[in-house]
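# model this:
(one chain, ligands or ions: 1)
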Amino acid sequence: MKRARVIGTGSYLPEKILTNFDLEKMVDTNNEWIIARTGIEQRRIAADSENTSDLATKAAERALEMAGIGAEEIDLIVVGTITGDYPWPATACIVQNNLGAKNAYAYDVSAACSGFVYALSNATDFLEAGRGQKALVIGSEILSRVIDWSDRNTCVLFGDGAGAVVLDLQEGEAGVLSTHMHSDGSYLELLYQPGFSTRNLPTPEAIADPQNYTLKMQGNEVFKVAVRSLTEVSKEALAANKLSHKDVDLFIPHQANRRILEATAKRLKLTDEQCFINVNKYGNTSGATIPIAMDEAYRQGLLKEGSLVLMAAFGGGFTWGSVLLRW
Ligand code: ACO
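Below you'll find the predicted structure:
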């Protein structure tokens, strides 16, 4: 059977580091509170000159380099993002042009923190349907530009970054085994960004008030649904493949915060050694957390041929999903 196999990973994190101690000078918070409630120690912030497509392009170049292929070999580019350069065209089209991937068609997926797993699911279906040979899947975000930096409830949680993987359709056991995606639009009010679009026009009065365009979140409520959904969708992936939690070599969850990850891992009966966590270094980079984590895990030697990798994400929408793959 032919499967979509990961043959390259790459990530890019902006240079600027914002620590919890920097945040202490900006809002009424402290390092101990942030670490205890989230596990986050620092996050990266994109330079004014950097756009989401720039972060995505750099991550993609590194993934292509590892795969040892040229951009013109890519048939499809999907970018999971909620902070794209423009409402349209798609950031994926800008990345396609930056890379010179002239044979690829390109589009974005808007699924918030689940953006990467949704994109990976799309690209897998595309390859398995025989529509192409290679796909580039990217998660890229500049959340620092849609955060209310005076709101301590949210500004301590998020960061900027990008990660990418190259998929190649290959015969054999390695590759994506299954994907399971879900949505529930009834939870909109718990996590969303009004922004400026057809529902919310950029009148002078609206622009004057950051409440009209910054991220909104009811953290407590999100926490509960996130843990439940991440657990259920992970179990769904294992059951569909007749595998158990003991078979998982590495669990790469969306890096929202350490407490969500630990609560999910406990419900799945996974050990610390089975779970990859880097939220302490980058905070929540939404659709970018999983590909960044996958790239780091690979480069740390944690992913070897035959490793069983379980990914699970949850985000605004609500959206959630899991991907099970054999490395
Ligand atoms: N520093 C200090 N105190 C703070 C801060 C802060 N940065 N933020 C909130 N507080 C205060 C609150 O004002 C509140 O004070 P009060 O008791 O005087 O009213 C107190 O801390 C407790 O607030 P809670 O919201 O109950 O704190 P909680 O333990 O729930 O932690 C948190 C908040 C970290 C946001 C948690 O709810 C959470 O992790 N939620 C998930 C949100 C998330 O990860 N969203 C990302 C997008 S979705 C996703 O990626 C899965």
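
# Which stretches in the stretch 1-150 of the chain count as strands?
Listed from the start of the chain, the stretch 1-150 of the chain has strands (DSSP state E, counting those that start in this stretch) covering 2-12, 16-19, 42-45, 76-80, 105-109, 134-142.

# Check the ones you listed for me and report the most buried one.
strand 134-142 (a mean of 31; mean count of other CB atoms under 10 Å). Where C-beta positions appear, they are placed from N, C-alpha and C, glycine not excepted.

# out of the strands of the stretch 1-150 of the chain, nearest to the ligand?
Nearest to the ligand among these is strand 134-142; the distance by CB to the nearest ligand atom comes to 11.2 Å.

# any idea of the mean pLDDT in the closest one?
Strand 134-142 carries an average pLDDT of 98.

# Which strands or helices does that strand pack on?
helix 52-67, strand 76-80, helix 91-99, helix 115-128, strand 160-171, helix 289-299 (3 or more CB pairs under 8 Å, 6 or more residues apart in numbering; DSSP states H and E).

# Need the strands of the stretch 1-150 of the chain in CSV (columns: distance to residue 124).
Formatted as CSV, these follow (distance: least, CB to CB, whole Å):
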stretch, distance to residue 124
strand 2-12, 4
strand 16-19, 34
strand 42-45, 29
strand 76-80, 10
strand 105-109, 13
strand 134-142, 8
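
# re earlier: need the winner for burial among the helices and strands packed on strand 134-142.
Across the helices and strands packed on strand 134-142, averaging neighbours per residue (mean count of other CB under 10 Å) puts strand 76-80 on top, at a mean of 29.

# wait, which of the helices and strands packed on strand 134-142 is closest to residue 154?
strand 160-171 (14.7 Å; CB to CB).

# Show me what counts as buried in whichever helix or strand comes after the closest one.
Under the assignment DSSP states H and E, the closest C-terminal helix or strand after strand 160-171 is strand 175-183. By neighbour count, and taking 16 or more other CB atoms under 10 Å as the criterion, the buried residues in strand 175-183 are 175-182.

# ok, is stretch 183-190 in contact with the ligand or not?
No: Stretch 183-190 lies out of reach of the ligand by CB under 6 Å from any ligand atom, never closer than 8.9 Å.

# Tell me how far residue 263 lies from residue 314.
Noted for residue 263: a distance of 12 Å to residue 314, by CB to CB, to the nearest Å.

# Who has more neighbours out of the two?
Applying other CB atoms under 10 Å to residue 263 and residue 314 shows that residue 314 carries more neighbours, namely 30 against 17.

# I figured that one hits residue 261, correct?
No: assessed by CB atoms under 8 Å, residue 314 is found out of contact with residue 261, at 10.9 Å.

# picking that back up, mind checking the helices and strands packed on strand 134-142 for the one nearest to residue 188?
helix 115-128 (16.6 Å).

# Can you name the residue of the stretch 101-250 of the chain nearest to the ligand?
Proximity of the stretch 101-250 of the chain to the ligand (CB to the nearest ligand atom) peaks at residue 219, 2.9 Å away.

# Now do the contacts for that residue.
By CB atoms under 8 Å, 6 or more residues apart in numbering, residue 219 lies in contact with 153-154.

# What pLDDT is listed against it?
Taking residue 219 on its own, its pLDDT is 94.

# what does residue 196 give?
Per-residue pLDDT puts residue 196 at 87.

# for it, what are its contacts?
Residue 196 is in contact with 202, 206-207, 212-213, counting by CB under 8 Å, 6+ apart.

# Highest neighbour count among the residues you listed?
Going by other CB under 10 Å, residue 213 tops the contacts of residue 196 with 18 neighbours.

# and the closest residue in space to that one that isn't next to it in sequence, backbone torsions?
Of all residues not flanking residue 213 in the chain, residue 195 sits nearest, at 5.2 Å (CB to CB, 6 or more residues apart in numbering). Main-chain dihedrals, residue 195, degrees, to the nearest 10: phi 60, psi -170.
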